[in-house]
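>>> following is a predicted model, sequence given first.
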Amino acid sequence: MKGKYKYIILVIITIVASVMIYEYIMSFSPVPSEGDILYDQVQTENSLLGSTNYTIDNPNVILDPYGLSPLTALVIFQTKDLATVTVTVKGRDGAKDIENTFIPSRVHTIPIYGLYPDYENTVIISSSGETKELKIKTAALPDNLKKATSLKSETADEFYFTTTADTGYPVAYDSNGDIRWYFNKNYHWDYTRLSNGHVLLSTYKSLNQPDYAMGLQEMDLLGKVYAEYLLPGGYHHDVYEIANGNLLVASNNFNGGTVEDYIVELDRATGNIVKTIDLYDLMPNDEGYNWFGLNSIIYEARTNSIMVTGSNKDVILNIDYGSGELNWIIGNTDSVSQQYQKYLLKADGEVTYPIKPEALTTTSDGHIAYINADSNNALIEYEVNAVNKSFKEIKNIDLGPAAENVNLDYQANVLTIVKDNKIIEINDEKAIDILEAGHNLYSAKKYKIYAGDVYVAGQGLRLGSTGVSETTKNHFVIFSKTDDSIIDKYKISLYKDANRLQLNGTFKKSDKVQIILDNVLDKKTYDVQISETPYLKDDNNKKSDKIAIETYINEEGLNGKYYIYLRINGTIYKLHKYVFFY
């Protein structure tokens, strides 16, 4: 009989425990999440391209197929025989027509670029003697985008592709100032046209707000992502494609305690980092966490060297890319310590030395040019004689009072300058205003809108790594506390994307905060840096008592379902949220 009672008691305990566990689990809900852009684009293609059984007389016309590029379209049809297709997008107000001929095919998926906003565009498609006129109506521009003011009379069939420094849309303007292309997400830093015709932009996700992007995305103007490159130190300011297709990227080595002094070579095929140059290792110093201010990178194949500008160091460096050693420095003697002055090039005649130099580029005659960002901006061009270890000033063009954002590009023998919201070109030693945009710009580069790239459907590649987030000592969560008031008190929110978990909150500098992830079999604890510069472990630059922070836990190294807790000043709180890592 006693055995029977024991059995009944055990059953009751099991049922009660099961109910408690069930209620405990059901008290948790999933963290809000965003779809994976690479997966979502494949699903879009499966839906849109499931049938290509259309004719040139009755094609399938899809406006903005990926939801990223409102002034583009995809036209789909078949021809009986192998045939080329020519597309003409009609210009207006004196603007030239856009025309492009595509490679021969039987199944045609034709990207249409350069549509006008809020307008019924005329697009003509011709193939094998047949012609079809299409009318494609677009929506109005969003409120934060405005037509630019054209400051130049002549028209051209090239466009100014622009980006902003932190938040804002990449935009292409025609010679009339009309916006003819844009992405509707905040891709920033440099706009790069790769040798295969694709566009290279920052990811629209930040690694640490507001300065560093999580990596780079290789796309076409439709918004189709062919590759996403992730970097542990993120990306900022500049990227340069070298002859083998790899990318030299301005990045960071957060473990070193400094920022904006680190360059990586990214293998485009694998996403692996195959070479690094740490400028701090090259020039050790105690000049602060952002001592160099790396903002531009140029590779010179002739000498297998790279040149970089340091806006906080007032120097231009040339580095042997094979050995990683310094070749030479352009700068005033006050800019470098005694041990590095042997690398300084001698001035041949009167010169202006770099002062907060920005946006280094090279010209067709081998000169180097950049923007000085002193109290006045100036375009400076040098001729360097590496054999004689000297340099001569070739140009010094005054650009007026210093702007917040300046940049420089060299295309087709023309120097193009960004100065806040203006695009300027250098003509006969004079600065000529070209366009005035409705917002401040970071870069502007002049290209034809079609670049010979071929649209290809299929899932894009996610390459590289954001790294494994650093953990600390674990804590037991069995005695965790439920207090929903902390959500409002600390303005806590959680969010999951394809690569990481994000925590937002507002804390005092003195608060000790940790995130705890628990899935019973595995527990991880992460320190939250309460800092305006969360990539630095010792930040004394407190500007306010309370700091709004974003912190990230990378997906790499995690797998499965984790329950989320927050430890604040020694007390562990249930957040009643869980997250899946794959």
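That came in fine, so what should we check first? Numbers count the residues shown, from 1 in each chain.
>>> now do the helices in the protein.
Using DSSP state H, the helices of the chain run over 2-26, 37-48, 279-282, 485-489.
>>> quick one: low-confidence ranges for the stretch 451-582 of the chain?
532-544 (pLDDT under 70).
>>> rerun that using 90 as the cut-off
452-453, 474-481, 484, 509, 519-522, 529-547, 549-550, 582 (pLDDT under 90).
>>> with the stretch 151-300 of the chain instead?
Short version for the stretch 151-300 of the chain, where the test is pLDDT under 90: 151-158, 164-168, 175, 186, 188, 204-212, 254-257, 285-289.
>>> rerun that using 70 as the cut-off
Along the stretch 151-300 of the chain, segments meeting pLDDT under 70 span 153-155, 165-166, 208-210.
>>> what segments of it are strands?
159-163, 171-173, 179-182, 192-193, 199-202, 206-208, 212-219, 225-235, 239-241, 247-251, 262-266, 273-278, 294-300 (DSSP state E, counting those that start in this stretch).
>>> what comes up buried for stretch 308-326?
Neighbour counts over stretch 308-326 (16 or more other C-beta atoms under 10 Å) mark 308-319, 321, 326 as buried. (Glycine included, C-beta is placed from N, CA and C.)
>>> and residue 86, bridged to which residues?
In this entry, residue 86 is beta-bridged to residue 101, residue 126, by DSSP bridges.
>>> go ahead and confirm it touches residue 103.
No - taking contacts as C-beta atoms under 8 Å, residue 86 lies outside contact range of residue 103: 11.6 Å.
>>> the more surrounded of the two?
Ranked by neighbour count (other C-beta atoms under 10 Å), residue 86 and residue 103 place residue 86 first, with 14 against 9.
>>> identify the residues contacting stretch 491-502?
31-39, 205, 214, 230, 462, 466, 486, 503-506, 515, 517, 548, 550-555, 564, 566, 575, 577, 579-581 (C-beta atoms under 8 Å, 6 or more residues apart in numbering).
>>> ok, now stretch 321-329?
With contact meaning C-beta under 8 Å, 6+ apart, stretch 321-329 is reached by 277, 282-283, 299, 303-306, 315-320, 336, 340, 343-345, 384, 386, 389.
>>> do that again at 7 Å, thanks
With contact meaning C-beta atoms under 7 Å, 6 or more residues apart in numbering, stretch 321-329 is reached by 277, 282, 304-306, 315, 317-320, 336, 340, 343-345, 386, 389.
>>> mark which of these are buried, thanks.
For those, buried by 16+ other C-beta under 10 Å: 277, 305, 306, 315, 317, 318, 319, 336, 340, 343, 344, 345.
>>> and the residues you listed, which is the shakiest by pLDDT?
Minimum pLDDT for the buried ones among the contacts of stretch 321-329 is recorded at residue 336 (89).
>>> can you tell me how far that one is from residue 349?
The gap separating residue 336 from residue 349 is 21 Å, by C-beta to C-beta, to the nearest Å.
>>> now residue 333
17 Å.
>>> out of the buried ones among the contacts of stretch 321-329, which is nearest to residue 82?
Lowest distance from residue 82 to the buried ones among the contacts of stretch 321-329 (C-beta to C-beta) belongs to residue 306, with 44.6 Å.
>>> hmm, the closest one is touching residue 319, no?
Yes - using C-beta atoms under 7 Å, residue 306 is in contact with residue 319, at 5.2 Å.
>>> tally of neighbours for residue 438?
For residue 438, using other C-beta under 10 Å, the count is 15.
>>> excluding chain neighbours, what is closest to it?
Excluding its sequence neighbours, the residue lying closest to residue 438 (C-beta to C-beta, 6 or more residues apart in numbering) is residue 146, at 3.4 Å.
>>> can you check residue 39 too?
Nearest residue to residue 39, sequence neighbours excluded (C-beta to C-beta, 6+ apart): residue 459, at 7.2 Å.
>>> so that neighbour touches residue 36, yeah?
No - under the criterion of C-beta under 7 Å, residue 459 makes no contact with residue 36, lying 9.8 Å away.
>>> list the buried residues in stretch 386-403.
Buried residues in stretch 386-403 (16+ other C-beta under 10 Å): 391, 392, 393, 395, 397, 399, 402, 403.
>>> for beta bridges, what are the partners of the fifth one?
When assigned by DSSP bridges, residue 397 has beta-bridge partners residue 379.
>>> my guess is it meets residue 377, correct?
No - between residue 397 and residue 377 there is no contact under C-beta under 7 Å: 9.5 Å.
>>> show me what contacts the residue positioned nearest the centre of the chain?
Central residue of the chain (C-alpha atoms, centre = their mean): residue 202, 1.2 Å from the mean position. Residue 202 sits next to 187, 188, 189, 213, 216, 235 when contact means C-beta under 7 Å, 6+ apart.
>>> got it, and residue 413?
residue 364.
>>> can you read off the pLDDT for it?
85.
>>> please report the distance of it from residue 397.
16 Å.
>>> next one: residue 484
Using C-beta to C-beta, residue 484 is found at 61 Å from residue 397.
>>> tell me, how many neighbours does the nearest residue to residue 137 once chain neighbours are set aside end up with?
Counting by C-beta to C-beta, 6+ apart, residue 137 lies nearest to residue 120, which is 4.8 Å off, once chain neighbours are set aside. Here the count is done by other C-beta under 10 Å, and residue 120 has 10 residues near it.
>>> who does the closest residue to residue 406 other than its chain neighbours form a beta bridge with?
In space, and not counting its chain neighbours, residue 406 is closest to residue 371: 4.6 Å by C-beta to C-beta, 6+ apart. Residue 371 has the following beta-bridge partners by DSSP bridges: residue 358, residue 379.
>>> what residues are up against residue 371?
358, 359, 377, 379, 406, 408, 417.
>>> mind doing that once more with 6 Å?
The contact partners of residue 371, taken as C-beta atoms under 6 Å, 6 or more residues apart in numbering, are 358, 359, 377, 406, 408.
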